[in-house]
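Asks: could you look at this predicted model? Sequence included:
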Amino acid sequence: MPAPASPRLVALDGLSQIVGEGRMLSDVISDPVWQELSPPERATAQRLISETLRYLGRADHLLTSNLQRQPPLRVMNLLRMATVEFMTGGAAHGVVNEAVKLAGRNKKTAPMKGLVNAVLRKITVLDATEWDKAPDTMLPKWLRPKLAKAWSKPVVAQIERAHAVPPPVDVSVKSDAADWAEKLGGTLLPTGSVRIAARGQVSALVGFDTGDWWVQDAAAALPVQLLGDVSGKRVLDICAAPGGKTMQLAAKGAEVTALDISEARMARLTENLARTKLAAKTVVADALSYEDGPFDAILLDAPCSATGTIRRHPDLPYVKTLTGIDDLVKLQRALLTRALGQIAPHGRLVFCTCSLLREEGEDQIKWLLSQNDDIEIIPPHAPSLDPAWISPEGGVRLRPDYWADMGGMDGFYMAILQRKGKASPA
């Protein structure tokens, strides 16, 4: 009989599938073997994968000087995972012993148990400063040059440094953010989100079961704020699931229609609405054919490359490529055009993407304005909106290296649009 699954074995298998096969972490953790683990064990396995991917650059730097040549991928991943585990607080003896055991559980890697043992024993005697000085994990080759061209190589290095910091948990609250910041032992951010240094089960924190708040990165919470006062207004949230922005709008008193093409994702949105006791009309449909306007405001969080979320999803660089970007750009343009047709004469549209690519942000707005003489971009206003975030064409560009001293933020782009000469109340 095969030995039962262990968190480290499951993590090693998952890591090799992500780096070697390009599988998403979200797909990996849905495999049946993960269900053999207890909830705490699953959390451990997921943490081992995420931290190894986050610190891959540092681990490879330390390992390279102790390897004559790179071993097969599974062995290299085992060395990487053990190096990261030790350098982030694991006990040297336990980490080395477990790694050697893992090597022995596979016929192909068993002959390399001696190598694993020897290399890791060298790693465990390194001074902690060696880890601190090691280079951060670089962005993938398909993404790094584009960002360097957009902002410069030093800025890219700052983004990579931000990606090397485990992200805190941000939450949006229904009301009284300052009070909830105190209750959760967190910090009230300038833009109104609450940031907590939570580790472990977020759903076990006070206020979750009662629906007083929901997890939402501070950057993702800003587009709704750009819509201004939505109380009593009819608002369409396009590509709404899993519902963070829908809940923001409902909490602000809007009459919300949440639209998403995925029935499974909409089920999550419905669950979130039930937990937070907030109301919205939910519609599963294709936004390119759906019509129920005019709306006073529309929020379009368009499908995109999600490159702005690498700090939270370090598997993305190993899974995504530029393949399909052109199709995403075309879809975003089609959604923008369709959404503009459903805006009331006095209404406004906020377009946003969680992308670092200009093709999915600044360039989309430039294209839209070049194609439509009656559309204009209007100046953004929101609590504590840093003027440095406003891009030349008038949108808002957020990057992971912003708020570096507070834990960073996701990369995002957003812009407010309306018909020319049609004043929209803030």
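Replies: The structure has been received and is ready for your questions.

Asks: mind listing the strands for the chain?
Replies: In the chain, strands defined by DSSP state E lie at 169-173, 187-188, 194-196, 213-215, 234-238, 255-260, 281-284, 295-301, 343-353, 375-378, 396-398, 412-419, listed in chain order.

Asks: what's the closest of these to Leu63?
Replies: strand 169-173 (31.0 Å; C-beta to C-beta). C-beta coordinates here come from the backbone N, C-alpha and C atoms, glycine included.

Asks: I figured Arg268 hits Gly243, correct?
Replies: Yes: with contact defined as C-beta atoms under 8 Å, Arg268 reaches Gly243; the gap is 7.0 Å.

Asks: give me the more crowded residue out of the two.
Replies: Gly243 (29 against 14; other C-beta atoms under 10 Å).

Asks: can you report phi and psi for that one?
Replies: Here is the backbone geometry of Gly243 (degrees, to the nearest 10): phi 110, psi 10.

Asks: what of Ser30?
Replies: phi -90, psi -10.

Asks: domain map for this protein?
Replies: 7-133, 169-419 (automatic domain parsing).

Asks: low-confidence stretches in the stretch 51-200 of the chain?
Replies: For the stretch 51-200 of the chain, the stretches flagged by pLDDT under 70 are 198-199.

Asks: mind checking which of the domains of the chain is nearest Ala148?
Replies: From these, taking C-beta to C-beta, the stretch that ends up closest is domain 169-419, at 11.4 Å.

Asks: any idea which residue is closest to the centre of the chain?
Replies: In the chain, the centroid-proximal residue (C-alpha atoms, centre = their mean) is Thr309; its distance is 2.9 Å.

Asks: gap between that one and Leu316?
Replies: 7 Å (C-beta to C-beta, to the nearest Å).

Asks: over to Met266?
Replies: With C-beta to C-beta as the criterion, Met266 and Leu316 are 24 Å apart.

Asks: ok so, going back, now the strands of the chain in TSV, with distance to Val28 and mean neighbour count?
Replies: Output for the strands of the chain, formatted as TSV (distance: least, C-beta to C-beta, whole Å; neighbours: other C-beta atoms under 10 Å):
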stretch	distance to Val28	mean neighbour count
strand 169-173	22	24
strand 187-188	33	16
strand 194-196	27	22
strand 213-215	21	22
strand 234-238	29	26
strand 255-260	24	24
strand 281-284	27	17
strand 295-301	25	25
strand 343-353	25	22
strand 375-378	40	16
strand 396-398	29	23
strand 412-419	26	26
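
Asks: in CSV: those strands, plus distance to Ser38.
Replies: Formatted as CSV, the strands of the chain follow (distance: least, C-beta to C-beta, whole Å):
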stretch, distance to Ser38
strand 169-173, 22
strand 187-188, 32
strand 194-196, 25
strand 213-215, 23
strand 234-238, 37
strand 255-260, 33
strand 281-284, 34
strand 295-301, 35
strand 343-353, 38
strand 375-378, 51
strand 396-398, 38
strand 412-419, 36
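
Asks: of those, which approaches Asp386 most closely?
Replies: strand 396-398 (9.2 Å).

Asks: residues near Leu9, how many?
Replies: 19.

Asks: nearest residue to it other than its sequence neighbours?
Replies: What sits nearest to Leu9 in space, not counting adjacent residues and going by C-beta to C-beta, 6 or more residues apart in numbering, is Leu102, at 6.0 Å.

Asks: looks like that neighbour contacts Leu12 (just checking).
Replies: Yes: using C-beta under 8 Å, Leu102 makes contact with Leu12 at a distance of 6.0 Å.

Asks: just list the residues touching Leu236, thanks.
Replies: Val256, Thr257, Leu259, Asp292, Gly293, Phe295, Ala297, Ile298, Leu299, Ala339, Gln342 (C-beta atoms under 8 Å, 6 or more residues apart in numbering).

Asks: out of those residues, who's nearest Arg80?
Replies: Leu299 (40.2 Å).

Asks: do you know how far the closest residue to Met76 other than its chain neighbours is from Tyr290?
Replies: Nearest residue to Met76, sequence neighbours excluded (C-beta to C-beta, 6+ apart): Gln70, at 5.8 Å. Spatial separation of Gln70 from Tyr290 under the definition C-beta to C-beta is 51 Å.

Asks: ok, how many other residues are close to Gly200?
Replies: 9.

Asks: returning to what we had before: next, count neighbours for the residue nearest to Met76.
Replies: Counted with other C-beta under 10 Å, Gln70 comes out at 12.

Asks: over to it: give its phi and psi.
Replies: phi -70, psi 130.

Asks: hang on, it packs against Leu79?
Replies: No: Gln70 lies out of contact with Leu79 (C-beta under 8 Å); the separation is 9.5 Å.

Asks: dump stretch 238-257 to CSV, restricted to CA.
Replies: Written as CSV, here are the backbone C-alpha positions of stretch 238-257 (Å, rounded to 0.1, in the frame of the first residue of the first chain):
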residue,chain,number,x,y,z
ILE,A,238,-20.2,43.8,-15.2
CYS,A,239,-18.0,40.7,-14.6
ALA,A,240,-19.2,41.0,-11.0
ALA,A,241,-18.2,37.6,-9.4
PRO,A,242,-17.0,36.8,-6.8
GLY,A,243,-18.7,40.0,-5.6
GLY,A,244,-16.4,42.4,-3.8
LYS,A,245,-17.4,45.4,-5.8
THR,A,246,-21.1,44.4,-5.8
MET,A,247,-21.0,44.3,-2.0
GLN,A,248,-19.3,47.7,-1.9
LEU,A,249,-22.0,49.2,-4.2
ALA,A,250,-24.9,47.6,-2.2
ALA,A,251,-23.4,48.8,1.1
LYS,A,252,-23.3,52.3,-0.4
GLY,A,253,-27.1,52.1,-1.1
ALA,A,254,-27.0,51.4,-4.8
GLU,A,255,-29.6,49.4,-6.6
VAL,A,256,-27.2,46.9,-8.0
THR,A,257,-27.4,44.5,-10.9
